[in-house]
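[1] Sequence unavailable; structure follows:
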């Protein structure tokens, strides 16, 4: 009878087999880690941040963190002094906070940066250069409203008479005079500007799905680009007014990818990219339900050699 191989003999046999089979291949390389100089592993920046790696230096992460001593984005306190045109105060001969005068750029350039600056009265609205801030009495459907001057986080509830022709959201309509159990289906919308070039979704090309609460949406535009969203359900569930900040730390659970007409992908997976998604309305019923959200931010390609500023983004789709 042949005796069983001793453990050390078996180990030697395995090692010999490895040598005979050659070098490592793509299936048995060391997995992504925090020391490979590559943005992966859910990192916020290369080799730092996220759930697995050491925290990134807060002075280079593109986030204003006053609790860490910053007096503006990535400056002040231990980060060093802020430059005049990025110190979040109006000084020298500036016409507004960090704009105008002999040294800084136009105040109108600050209307989509997510910071209260320029001459704004609220973040990115009001003042001499930005759009007026929404109110509940201006006769427009703006802000977080879900009807004209009604609904959302600030205005009184919309009426519920179910009229599909009154220019308001009522009954169980998903949006103005569409969706729900009695009105016609709402149009699918996928519009945004990329570096100030308007992109309009191609009718019938959008795909949308929800699984375990997570939403995926893709759409093509008449300008030859595509936009894709993967969004993990917030902890509190999808609600009107939910805000998602999608950046390299969100990968792989949430990501936004814009591919231009030349086929170059710009993604929140790459360093320095961030997209803010604000849910205007979400409904799980009547089936199939739907979502409407605004989005804006900055996307970069792999390596950071190409930057796309996304503004005025609007998506509205049913969800199946």
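    Yep, it's here. For clarity, every value in this text was computed on a predicted model and none was experimentally measured.
[2] got the residue ranges for the strands in the stretch 51-200 of the chain?
    Using DSSP state E, counting those that start in this stretch, the strands found in the stretch 51-200 of the chain span residues 189-194, 197-200.
[3] okay if I get those strands as JSON lines plus distance to residue 146?
    C-beta here means a position set from N, CA and C on the backbone, and glycine is covered the same way. Formatted as JSON lines, the strands of the stretch 51-200 of the chain follow (distance: least, C-beta to C-beta, whole Å):
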{"stretch": "strand 189-194", "distance to residue 146": "15"}
{"stretch": "strand 197-200", "distance to residue 146": "23"}
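[4] among those strands, which is nearest residue 224?
    Nearest to residue 224 among the strands of the stretch 51-200 of the chain is strand 197-200; the distance by C-beta to C-beta comes to 9.0 Å.
[5] Name the stretch among the strands of the stretch 51-200 of the chain that sits most buried.
    strand 189-194 (a mean of 19; mean count of other C-beta atoms under 10 Å).
[6] contacts for it?
    By C-beta atoms under 8 Å, 6 or more residues apart in numbering, the residues outside strand 189-194 that reach it are 198-201, 206, 217, 219, 221, 223, 225, 227, 258, 260, 292, 295, 308-317.
[7] among these, which are in helices?
    Assigned to helices by DSSP state H, none of the contacts of strand 189-194 qualify.
[8] Among the residues you listed, which lie within strands?
    198-200, 217, 219, 227, 258, 292, 295, 308-317 (DSSP state E).
[9] give me every residue that touches residue 144.
    151-154, 240-241, 278, 280.
[10] try residue 56
    Contacts of residue 56 (C-beta under 8 Å, 6+ apart): 44-45, 48-49.
[11] what do you get for residue 228?
    Residue 228 neighbours (C-beta under 8 Å, 6+ apart): 216-219, 255-259.
[12] Could you pick out the buried ones from the residues you listed?
    Neighbour-count burial (16 or more other C-beta atoms under 10 Å) applied to those gives 217-219, 255-259.
[13] Now render the contacts of residue 56 as CSV, adding distance to residue 113 and secondary structure.
    As requested, the contacts of residue 56 are arranged in CSV below (distance: C-beta to C-beta, whole Å; DSSP: H, G, I helix; E, B strand; the rest coil):
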residue, distance to residue 113, secondary structure
44, 20, coil
45, 20, strand
48, 24, strand
49, 22, coil
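[14] Buried ones from these, can you make that a PyMOL selection?
    Burial among the contacts of residue 56 is assessed by 16+ other C-beta under 10 Å; the matching PyMOL selection reads:
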select buried, resi 44+45+48+49
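[15] wait, residue 252 sits on residue 42?
    Yes: with contact defined as C-beta atoms under 8 Å, residue 252 counts as touching residue 42 (7.1 Å).
[16] more neighbours, these two?
    residue 42 (18 against 11; other C-beta atoms under 10 Å).
[17] I figured the more buried one was touching residue 34, is that so?
    No: using C-beta under 8 Å, residue 42 is not in contact with residue 34; the gap is 10.2 Å.
[18] Report the set of residues contacting both of those two.
    residue 52.
[19] Tell me which residue lies nearest the centroid of the protein.
    residue 275 (2.6 Å; C-alpha atoms, centre = their mean).
[20] so how far is residue 222 from that one?
    Separation of residue 275 from residue 222 (C-beta to C-beta, to the nearest Å): 21 Å.
[21] which stretches of the stretch 151-300 of the chain have low pLDDT?
    Within the stretch 151-300 of the chain, the stretches with pLDDT under 70 are 160-162.
[22] got the contact list for residue 177?
    163-169, 183.
[23] re the thing from before, and of the contacts of residue 56, the nearest to residue 126?
    Distances from residue 126 to the contacts of residue 56, taken by C-beta to C-beta, are shortest for residue 44, at 31.9 Å.
[24] Could you look up the SS state of the closest residue to that closest one other than its chain neighbours?
    Closest residue in space to residue 44, ignoring its immediate chain neighbours: residue 249 at 4.3 Å, by C-beta to C-beta, 6 or more residues apart in numbering. Following DSSP: H, G, I helix; E, B strand; the rest coil, we place residue 249 in the helix state.
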